[in-house]
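In: Structure for the following, please:
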Amino acid sequence: MTDGPRDDALHDGPGARHDDPADGWFGESVAVGYDDDRGPEFAPEVIARTVDVLGDLAGDGPALELAVGTGRIAAPLARRGVPVHGIELSRAMAARVADKPGGDGVRVTIGDMTTTRVPGESSLVYLVFNTINNLTAQDAQVACFVNAAAHLRPGGRFVVEVGVPALRRMPPGQDTVPFGIEVAGDGGYVGFDRYDTVTQRFTSNHVTVSGGAGRFRSIPFRYVWPAELDLMARIAGMRLEHRWAGWDRSPFTPESTSHVSVWDKPGS
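Out: All right, here's what the predicted structure looks like:
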């Protein structure tokens, strides 16, 4: 499972793609354009900084990426010389890993990141770009931590990159937070998150209009607080080592909108 949208075409033209239900929210219609995303996480300098941090944390050991997706991070990490194995639910996403420079060095196992096991122990297991939120139940998120810990050798580390819930931006009585508006010619884009503060579930919604045709994309998430993640780590036998505001290792503060957290598995 990988962070990204589900495509629900309002107008299915002659070239419409039909997804395999086994790929979940990330079928061919998403995978084909996933790496064309203009988000900051796809910027070469951001990828390089991310890979530098993960490479340092992996040390001389192998790494495992949960929800490896199209190999946005795994391929350059493997190119750096770190042996990388990936777990990915979507065959459509995983099929694109080998096409990237370094991607032929990434082994991919198709499966769910909460239960799928791969052989051996890793010095680093990581989960980037809000993907922990793709697990829409707390039990599933806990299971992900337990699975990560089971893959780590003593002294190994588990890394999660995820946003801080944007509830401070909502006045009383509101359940929706817009995060993007673009207008260009006869088209445009609107993005908004809709929150349920009782269940901690939310949907990320995207409306795109181009050439007179509209497209709506929506995906369910479950947001999770930093302290809640720390408790999940304790349940899995890990402890917090670092929490940064981003891959630049800047301090995490009350104003931070995301964090990169590192938990370690104590040595024997």
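In: all contacts plus neighbour counts: C-alpha atoms, from now on.
Out: Noted.
In: Which stretches in the stretch 51-200 of the chain count as helices?
Out: Secondary structure of the stretch 51-200 of the chain (DSSP state H, counting those that start in this stretch): helices at 74-79, 91-94, 138-151.
In: any idea how far the closest residue to Gly237 other than its chain neighbours lies from Val125?
Out: Once flanking residues are discounted, Gly237 sits nearest to Lys265: 6.6 Å by CA to CA, 6 or more residues apart in numbering. According to CA to CA, to the nearest Å, Lys265 stands 11 Å off from Val125.
In: what's the spacing between the residue nearest to Gly237 and Val162?
Out: From Lys265 to Val162 the distance is 20 Å (CA to CA).
In: same deal with Pro172?
Out: Taking CA to CA, one finds Pro172 at 25 Å from Val162.
In: Give me the more crowded residue out of the two.
Out: Val162 (24 against 7; other CA atoms under 10 Å).
In: what about the closest residue to that one other than its chain neighbours, how many residues close to it?
Out: Of all residues not flanking Val162 in the chain, Asn130 sits nearest, at 4.2 Å (CA to CA, 6+ apart). Per other CA under 10 Å, the neighbour tally for Asn130 reads 21.
In: okay, Asn130: pLDDT?
Out: At Asn130, the model reports a pLDDT of 94.
In: Could you do Gly24 as well?
Out: Predicted confidence (pLDDT) for Gly24: 78.
In: Which residue, other than its chain neighbours, is closest to it?
Out: Ser90 (6.7 Å).
In: While we're on the one you found, how confident is the model there?
Out: pLDDT, read off for Ser90, is 95.
In: now the strands: where do they sit in the protein?
Out: All strands of the chain, identified by DSSP state E, fall at 7-9, 63-66, 84-88, 106-110, 122-127, 152-163, 176-184, 187-196, 201-210, 213-222, 239-244, 258-264.
In: re the thing from before, these two touch, right, the residue nearest to Val162 and Gly163?
Out: Yes - assessed by CA atoms under 8 Å, Asn130 is found in contact with Gly163 at 6.3 Å.
In: what's the least confident stretch among the helices of the stretch 51-200 of the chain?
Out: Of all those, helix 91-94 has the smallest average pLDDT, which comes to a mean of 94.
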